[in-house]
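Engineer: here is a sequence together with a model predicted from it:
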Amino acid sequence: MTTRPPITLSIAGTDPSGGAGIHADLKTFTARKTMGTTVITALVAQNTHGVSRVYPVDVDFVADQFDSVLGDLPVDATKSGMLGSRDLVELVVARAAEGRLGFFTVDPVMIATSGHRLLETDAVDAVRTHLLPVADLITPNLPEAALLISDDEPEAQTTEAMRDQAGRLLERGPGAVLLKGGHGSDDEVIDILATSDGQVREFTHPRVTTMNTHGTGCTLSAAITAEVAVLGRERAAAAGGPADPAAPTGKDRSRAAIGSDLLGEAVGNALDFLARALNSAADWQLSLDPEGAHGPVDHQVDIVRDRPA
Ligand SMILES: Nc1ncnc2c1ncn2[C@@H]1O[C@H](COP(=O)(O)OP(=O)(O)OP(=O)(O)O)[C@@H](O)[C@H]1O
Ligand SMILES: Cc1ncc(COP(=O)(O)O)c(N)n1
């Protein structure tokens, strides 16, 4: 009998300083016990102080990367992060529709914490109308959620308003919405998970006082994606079903197979991981120029350091 680890895929841009984008995703996929693969959408010169330049990857080369990964490996779960342009959004939509991405998390990355645009303005509409319906889960922060609803929707200021916006985003077609409250200022961070079966769950944890929040959204969406891959394969094995169905996983099938309870468990596990990673790096000072720097979280928090190999 052959075995294999759960396989995850990140479709995103790079962060050479290692805190966000593809780099955060691969570290998280590894920390959460999956084999990570990547499709790179843009090379980004950035660090803990912000983005200095974006070098987009040609659409046909992004398509070639998809072919390399999906033509060879049975991907259990995928996340998308920075897509950059309308053409790349459309390409991802087409690949998702082919049904080979497994469970598909869309982190609708638009603007970096440092203020740099990571999605062209004319691509926002394609995300709203084409990408959201093919996602099993979307993970907007407060400004992204408002913009995905409409150009003049105000940011949610209360938990009630977050629940309302999560419900309205569900109407745009994703299987579930995790509306992240990290951009608030209360002592507690509240994230709302609304699923298409009508359930709404609230996740609450203490706000960590730290400057090191670069890449929290990337890390969270990668962790949820990995958790779904791991839990999904465990459940399939326990149920005696085929771990690797020969046919591609159709959208309805992947949503039905995951279910809102498993998704709730995956989100809870991922938020716990992120809280450990935030706490572990809360006092880090990495930058040679610490003033105004936003460092990364500690993706290796669960990997014991100083232990003999
Ligand atoms: N200071 C903090 N303390 C505790 N949890 C936090 C903190 N900042 C962010 N988080 C957690 O990280 C998640 C993602 O953060 P946020 O809402 O800022 O998303 P984001 O803006 O997409 O992230 P990013 O900074 O990577 O763009 C939040 O849902 C929250 O659970
Ligand atoms: C390639 C890439 N993807 C996403 C982010 C968002 O992360 P943050 O808002 O923490 O800067 C980023 N900075 N770079």
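Structural biologist: Yep, that arrived. Numbers count the residues shown, from 1 in each chain. Ligands and ions are numbered 1, 2, ... in the order given.

Engineer: near Q199, how many other residues are there?
Structural biologist: Look at Q199: counted by other C-beta atoms under 10 Å, it has 13 neighbours. To be clear about C-beta, it is placed using only N, CA and C from the backbone, and glycine gets the same treatment.

Engineer: same deal with the one 5 residues further on?
Structural biologist: Residue crowding around T204 was assessed by other C-beta under 10 Å; the count is 12.

Engineer: next, give phi and psi for it.
Structural biologist: phi -120, psi 130 (degrees, to the nearest 10).

Engineer: what's the pLDDT at it?
Structural biologist: For T204, the model assigns a pLDDT of 96.

Engineer: please name the bridge partners of it.
Structural biologist: With DSSP bridges as the criterion, T204 is bridged to I190.

Engineer: pretty sure it sits against I190.
Structural biologist: Yes - here T204 reaches I190: they are 5.3 Å apart, a contact under C-beta atoms under 8 Å.

Engineer: please, which helix or strand holds I192?
Structural biologist: Assessed by DSSP states H and E, I192 sits inside strand 188-195.

Engineer: name the helix or strand for D272, please.
Structural biologist: Applying DSSP H and E, one finds D272 within helix 251-280.

Engineer: residues of that helix that come out buried?
Structural biologist: Under the neighbour-count criterion of 16 or more other C-beta atoms under 10 Å, helix 251-280 has 251, 254-255, 257-258, 260, 262-264, 266-267, 269-271, 273-275, 277-278, 280 buried.

Engineer: likewise for stretch 43-54?
Structural biologist: 44, 46-48, 50-51, 54.

Engineer: out of those, list just those in strands.
Structural biologist: Here DSSP state E is the test, and the buried residues of stretch 43-54 give 44, 46-47, 50-51, 54 as lying in strands.

Engineer: residue of this structure closest to ligand 2, please.
Structural biologist: Per C-beta to the nearest ligand atom, G21 is where the chain lies closest to ligand 2, at 2.8 Å.

Engineer: rewinding a little: out of the ones in strands among the buried residues of stretch 43-54, who's near ligand 2?
Structural biologist: 44, 46 (C-beta under 6 Å from any ligand atom).

Engineer: of all the ones in strands among the buried residues of stretch 43-54, which two lie farthest apart?
Structural biologist: N47 and V54 (13.8 Å; C-beta to C-beta).

Engineer: overlap of the contact sets of the two?
Structural biologist: Here N47 and V54 share no contacting residue, scored by C-beta atoms under 8 Å, 6 or more residues apart in numbering.

Engineer: close to ligand 2: what parts of the stretch 51-200 of the chain are there?
Structural biologist: Residues of the stretch 51-200 of the chain lying near ligand 2 (C-beta under 6 Å from any ligand atom): 81-82, 109, 112-114, 118.
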